[in-house]
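1. Fold the stuff below for me.
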Amino acid sequence: MSILIKNATIITVDKNNTIINNGYIYIEDRFIKYVGAIAPTYKAEQEIDACGGIVMPALVNAHTHLAMTLFRSYASDLPLQKWLESIWKVEDDLNEEFVYYGTALACIEALEGGIGCVNDMYFFMEAAAKACADTGIRAYLGRAVMDSVGSGEQRLQEAEELIEQYNGTQNGRINVLIAPHAEYTCSEEILKSSAELAQKKGVRLHIHLSETDFETQDCIKRRGKTPTQFLADIGVFDVPALAAHCVTLSEQDMDILKSYNVSVIHNPASNLKLASGIAPVPEMLEKGINVALGTDGAGSNNNIDMFREMYLAAVIHKGNKKDASLVDANTALRLATINGAAALGYAGGSIEADKLADIIVLRHNSLSLIPMHDAAGIAVYSGAKSDVKVNIVNGKVVVFDGKCVTIDKELIITKFMQSVKTLFKAN
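-> Numbering: from 1, shown residues only. Predicted structure coming up:
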């Protein structure tokens, strides 16, 4: 399949944050073959006229729990620990069917909102993998590993089986990580085994880290170290790792994360809603840590909306530090695109030749996107998921005219609502 996008205001997110006006993008198979201001001579099977509107990399949701759409608006206005206790009770009754429809609905929401790639940690991940395959999204999947009830080894075995079955499938679109849930839900042995399995299989590791003051202080009390220090000492960061949240970090913690090249996934909306706090993102960026963005699950967010995460990431640190220069628009765009791709280890997140073709086209006539004095600024501070007209993932159009075209959306909604009714009737 070949696609030509024309008449585009292209936010490339390349190393120079280049903007190309009246530009062209030529896509062939999975890859971008040409980007520039001169019309290419290639003949495309499909042409998309951006009509002067913004064309930018598809957004990367680098930390989420997709099937938690089932819990959207459930147990609101609770701090993290009480919220978790409420959620865990209902999660005991999940099954593959519930997770499939919860994940499928989340993927549709994500795609229609301009997200091209998700990094999902949850349960019944075979069902999640099928939903991601069916909807056309790029996905990194991790079976959440916890052993607070002695099931850690079994869950690691399931994680290994998931790798063998799905890693690199769907023309490279579906991949697998090892996902120990957190320091406080995993024994030292399981954490070490998780890192060893990631090393053995050549995949990345995804973990929650220092989400709250309580988590960090409790770890210091139990282990005499912060979670970051403990995980580093036992070898968890000896493999490429993504650490979600990182709200409560010391200077030493940040230095450790930098020294191990750990990518930090900032989740501003979830951390604010659960009153967990604000991660020290400006300080991490100053140290050269790769910081990406995630929504967390819809149970704690309540949305899968990366435009909102971009906006929050750009504004909360300005207000928190009373410095309007912090996390500027170009930086926020990088957090939501190329930094996420770098965290996950794939060649995407920017519009450049030879990169994977994950691209979104925004509506040129959206009232909130005019006038366009500054393309990056208006995308971050004014853009919304409702502005997404086209979403291309892995070189294939998955959203056209704002609607997901890969799956029967109405059927998924019907089955999803039936799942919600059955799940919560049991609780």
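
2. use CA for all of it now, contacts and neighbours both
-> Noted.

3. Quick check: Ser193 vs Ile178, distance?
-> Counting by C-alpha to C-alpha, to the nearest Å, the gap between Ser193 and Ile178 amounts to 10 Å.

4. the more surrounded of these two?
-> The neighbour count for Ser193 versus Ile178, taken as other C-alpha atoms under 10 Å, is higher for Ile178 (30 against 18).

5. Regarding the more buried one, what is its secondary structure?
-> Reducing the assignment at Ile178 to three states with DSSP: H, G, I helix; E, B strand; the rest coil gives strand.

6. Counting neighbours, what do you get for the closest residue to it other than its chain neighbours?
-> With C-alpha to C-alpha, 6 or more residues apart in numbering as the measure, Leu205 is the residue that lies nearest to Ile178, at 4.8 Å, once sequence neighbours are left out. Look at Leu205: counted by other C-alpha under 10 Å, it has 26 neighbours.

7. same check, this time on Leu66
-> A count of neighbours around Leu66, defined by other C-alpha under 10 Å, yields 30.

8. Not counting sequence-adjacent ones, nearest residue to it?
-> Take Leu66 and drop its neighbours on the chain: the residue closest to it by C-alpha to C-alpha, 6+ apart is Thr103, 5.0 Å away.

9. Would you mark the buried spots in the helix or strand hosting that neighbour?
-> For Thr103, the enclosing helix or strand under DSSP states H and E is helix 96-112. For helix 96-112, the buried set under the neighbour-count rule, 16 or more other C-alpha atoms under 10 Å, comprises 98-112.

10. Counting by contacts, list what it packs against.
-> With contacts defined as 3 or more C-alpha pairs under 8 Å, 6 or more residues apart in numbering; DSSP states H and E, helix 96-112 has these neighbours: helix 125-135, strand 388-393, strand 396-400, strand 403-404, helix 409-425.

11. change it to 7 Å
-> helix 125-135, strand 403-404, helix 409-425 (3 or more C-alpha pairs under 7 Å, 6 or more residues apart in numbering; DSSP states H and E).

12. Now do whichever helix or strand comes after it: everything it contacts.
-> Stepping forward along the backbone from helix 96-112, the first helix or strand reached (DSSP H and E) is strand 115-122. Outside strand 115-122, the residues within contact range by C-alpha atoms under 7 Å, 6 or more residues apart in numbering are 58-66, 137-144, 179, 358, 393.

13. 8 Å - rerun?
-> 58-67, 110, 137-144, 179, 206, 306, 358-359, 391-393 (C-alpha atoms under 8 Å, 6 or more residues apart in numbering).

14. Please list the members of those that lie in strands.
-> Counted as lying in strands by DSSP state E, out of these, are 59-64, 138-144, 179, 206, 359, 391-393.

15. what residues are up against Val361?
-> Contacts here follow C-alpha under 8 Å, 6+ apart; on that basis Val361 touches Ala50, Gly53, Ile54, Val55, Met56, Val388, Lys389, Val390, Asn391.

16. quick one: the residue nearest to Ile178 from Val405, how far?
-> Using C-alpha to C-alpha, we find Leu205 at a distance of 32 Å from Val405.

17. what's the helix or strand of the chain with the lowest mean pLDDT in contact with?
-> Taking mean pLDDT, DSSP states H and E as the measure, the helix or strand of the chain with the lowest value is helix 80-91, at a mean of 82. With contacts defined as C-alpha under 8 Å, 6+ apart, helix 80-91 is touched by Phe71, Ala75, Ser76, Thr212, Leu274, Ala275, Ser276, Leu423, Phe424, Asn427.

18. Report the residue spans of this protein with pLDDT below the cut-off.
-> For the chain, the stretches flagged by pLDDT under 70 are 148-150, 426-427.

19. domain parsing for it?
-> In the assignment given by automatic domain parsing, the structural domains of the chain cover 2-57+353-404, 59-344.

20. got TSV for the ones you listed, with distance to Thr414 too?
-> Written out in TSV, the entries for those read as follows (distance: least, C-alpha to C-alpha, whole Å):
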stretch	distance to Thr414
domain 2-57+353-404	16
domain 59-344	9
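
21. Ala243 contacts His206, doesn't it?
-> Yes: with contact defined as C-alpha atoms under 8 Å, Ala243 reaches His206; the gap is 6.1 Å.

22. Comparing the two, which residue is more hemmed in?
-> Taking neighbours as other C-alpha under 10 Å, Ala243 and His206 compare with His206 leading, 33 against 26.
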